[in-house]
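In: Sharing a model prediction with you, sequence too.
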Amino acid sequence: MDTSLIPILLPPPKIEWILDDEFTDTLAAGAVNGTLATDGHSLRTATDGSGKLSQAGGLSVFATGGVGSGNPGRWYPSIPRVIGRAVFADITPAVAASDQAMVGMDTNQTTTIADSIYFRASGVINIVYNGAVVVVGIYTAVNHWICCVMRGAGFFFLIKGGAFAAWTLLLPYYTNSATARFPGMAAASTTAPFTSSFIRVPENLISIIPIASDSFNRAILGSTDGLAVAEVGGAGLAWTGAGAAISGNALAITPTLGNNRIVNGTFDADTDWYKGNSGWTISGGTLNALISSGNPSNSGGLGQGNHTWYFVSIDCVALTVGTFSLDVTGGGDGSPSYNSSGTKTFTLRTSHSGGYLYIIASGITGSFDNVILNTLALTTLFSSLQLSVTNAQIDVEVSALTAGTQCGCVGRLDSAITPANFIIAYFDGSGNVKCDDCVAGVYTNKLSVAKAWTASDHLLLDLLGTAVRLYHITAAGAMTLIGSYTTTITTGLLAGVFSTYASNLVNSFVVWDKNSNYSGLDRYIQP
Amino acid sequence: MKMFCIVKKTSSDPELDRTLTPYTGHGYIGAFGQWAGYIISGTKSQLQAINALPQVYGLAYVTEAEGAHWTELDNAIAPAMRNKVNTWLTANAQAIIPAGWTNKKVIKAIMLKMNPIFEWGQHDIMDVE
């Protein structure tokens, strides 16, 4: 007999429960409050103003017709905040129509569950954090298992079931360090029928660590330090990117510029510029306007390509009246509008090809000099890490952003040397957050939302199969879904920082595994 | 408020002037020739102004509130919107939308022409803050 083929069957370590309620006792509607959970010591506290909460057949039954959100609801005694302490439960919404259920950890034993997974109307899953809500996914009326894990501040929320074949991290958040937390579940509206077969808090602590993490608190970029968040992990991954370096305990990327495409950008002679309307002159080494409008242009003899990143700079001297902007291609690939003197720089990605750079002027009096137009080498706009998963949450903290330039993160990047396919999410330097898909070098802007950057704002790019969600997170932890869409970019194992300008800074970078490594949670949901 | 619509595009950008007709944001769903499907967010008056533009074919407005998420999708498409989008469908050699179709059915039918992996719940955009 080949004894090597005999598996060694060892009983799994026994799970000790701080709270274990299997709802095995039958209780009529209105009779749940004040009874003990299955573990024999956890007191159930229920609010049930209209008699819609009962127990039967091993289920906690929330019938439709409750008073409202949080009523009916059931809670358990508080547990202290301990990193890794988790609540597990299952939820089966009867329908996915109205606001259904919320399950998680509450700040009290009444009304809504302050930090929870929230099964909302029309099949939308929200996270409730500190009482605020943010969309994180979709669901159907089937059984789902949920897990809420305490962090030092904030929670991790994970789910399995329905559209989530494996345990999936919905969102981490990192605010709210209140100590007392009451495990609970509650109806979310007056028409919220659902059932649950258990709620449990294991003695074991659940450890969730990032797969990449970097605080950049050092002098040399090298590899990730694993210290961007409280959960230490994700260290030792080597950063790529020729222009990437540490600057003041942050990551800065200095893109490589091509040659200046503007001929006679210093206006040494009255050549090469089509001055358009009257009122424009080239003399004294500058392009001069006297209450002039129109669009002086310069072909440079090169032409600008579509789907290409450019750096543009122009000196505006003695502007006394009027506004101007620049258009790199003549197709609308424009700069912000300027109404003051000084050196104006910006970077942009073209959406058109065109042979001319235009100065778009309106009633302007002033002079221009030193016009520069360079391509930005795409490979030098990224600093990336090699991951082992494509489904991930990429969290970048942008601590400095120069107006008119872009900074954010890249995901599913196929190559650091010859990048052709990737997803970028970024502040555009003009008051917007954007997300672009790039397929074989062709960009499609997928999201464009007015959202001004504030120092230390985060962008979190959430990638799960074909689903892309982009979140904006303030330094105070307020989370907003910028938008979501479906992508055809489902491969690419590089993730990192994206920046078009050397002065932009990234203060921290974190990648969380989305759904590849949480199968160990299954043992806590077994019958 | 949000609006599902078809808008003439340049590259992947809707041909909308955010200075003249401001709005909060747009999400690109997919393309059909020189047109694309979008979800656009803004105030009610902003979205109505956008829908009045000749290069815009609104499909449905949707709203969110406590206990009500895009419930307008279950309503029948508004006659004015159906007439306008049928003009677009006819001009683009596509079958027209019959009366009585729900907004959800109309949007899904049109967006799937533009994006074969269109899926409810996977396309959204930040609303007015």
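Out: Thanks, I have it. What you see is a predicted model; the values in this text were computed from it and never measured. Residues are numbered from 1 along each chain as shown, chains lettered A, B, ... in the order given.
In: List the residues that contact A:Pro93.
Out: By C-beta atoms under 8 Å, 6 or more residues apart in numbering or on different chains, A:Pro93 lies in contact with A:Gln100, A:Ala101, A:Phe119, A:Tyr139, A:Ala141, A:His144, A:Pro193, A:Phe194. C-beta: built from backbone N, CA, C; applies to glycine.
In: Give me the subset of those residues lying in strands.
Out: A:Ala101, A:Phe119, A:His144, A:Phe194 (DSSP state E).
In: Which one of those is nearest to chain B?
Out: For these, the minimum distance to chain B (C-beta to the nearest C-beta) is 11.2 Å, reached by A:Phe119.
In: So for the closest one, what's the pLDDT?
Out: Residue-level confidence at A:Phe119 comes out at 92, pLDDT.
In: Tell me how many other residues surround it.
Out: Here the number of neighbours of A:Phe119 (other C-beta atoms under 10 Å in any protein chain shown) works out to 28.
In: do the same with the one 3 residues further on
Out: Per other C-beta under 10 Å, the neighbour tally for A:Ser122 reads 20.
In: Count the neighbours of the residue lying closest to it once chain neighbours are set aside for me.
Out: Once flanking residues are discounted, A:Ser122 sits nearest to B:His69: 4.1 Å by C-beta to C-beta, 6 or more residues apart in numbering or on different chains. Residues lying near B:His69 (other C-beta under 10 Å) number 21.
In: Could you do the one 5 residues further on as well?
Out: Applying other C-beta under 10 Å, we find 12 other residues in the vicinity of B:Asp74.
In: And the nearest residue to it once chain neighbours are set aside, how far from B:Asn83?
Out: Distances taken as C-beta to C-beta, 6+ apart put B:Thr102 closest to B:Asp74, at 5.7 Å, once the chain neighbours are dropped. Per C-beta to C-beta, to the nearest Å, B:Thr102 is found 17 Å from B:Asn83.
In: more neighbours, those two?
Out: B:Thr102 (15 against 12).
In: what bits of chain B have low per-residue confidence?
Out: Where chain B drops to pLDDT under 70, the residues are B:67.
In: now swap in the stretch 151-300 of chain A and tell me
Out: For the stretch 151-300 of chain A, residues meeting the criterion pLDDT under 70 lie at A:277-278, A:299-300.
In: Now do the strands in it.
Out: Here the stretch 151-300 of chain A has its strands, by DSSP state E, counting those that start in this stretch, at A:155-161, A:164-173, A:182-187, A:194-196, A:199-202, A:212-214, A:223-225, A:235-238, A:244-246, A:251-253, A:273-274, A:280-283, A:286-294, A:297-298.
In: who does the fourth one pair up with?
Out: Strand partners for strand A:194-196, identified by DSSP bridges, are recorded as strand A:59-62 (antiparallel), strand A:86-93 (antiparallel).
In: Kindly report the same for the longest one.
Out: The strands that strand A:164-173 pairs with in its sheet are strand A:155-161 (antiparallel) (by DSSP bridges).
In: pLDDT wise, what is the residue nearest to the spatial centre of chain A at?
Out: Among the residues of chain A, the one closest to the centroid is A:Leu460, at 1.6 Å (C-alpha atoms, centre = their mean). Looking at A:Leu460, its pLDDT stands at 98.
In: got the contact list for it?
Out: Applying C-beta under 8 Å, 6+ apart, we find A:Leu460 in contact with A:Leu171, A:Gln393, A:Ile394, A:Asp395, A:Val396, A:Leu470, A:Tyr471, A:His472, A:Ile473, A:Met479.
In: In terms of helices and strands, where is it?
Out: A:Leu460 belongs to strand A:457-464 when assigned by DSSP states H and E.
In: For the closest residue to A:Ser177 other than its chain neighbours, which residues are in contact?
Out: Once flanking residues are discounted, A:Ser177 sits nearest to A:Ala153: 3.9 Å by C-beta to C-beta, 6+ apart. Applying C-beta under 8 Å, 6+ apart to A:Ala153 gives the contacts A:Tyr174, A:Thr175, A:Asn176, A:Ser177, A:Ala230.
In: Any chance of those residues in JSON lines with neighbour count and distance to A:Leu376 as columns?
Out: Shown next, in JSON lines, are the contacts of A:Ala153 (neighbours: other C-beta atoms under 10 Å in any protein chain shown; distance: C-beta to C-beta, whole Å):
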{"residue": "A:Tyr174", "neighbour count": "19", "distance to A:Leu376": "33"}
{"residue": "A:Thr175", "neighbour count": "18", "distance to A:Leu376": "36"}
{"residue": "A:Asn176", "neighbour count": "19", "distance to A:Leu376": "40"}
{"residue": "A:Ser177", "neighbour count": "11", "distance to A:Leu376": "42"}
{"residue": "A:Ala230", "neighbour count": "12", "distance to A:Leu376": "36"}
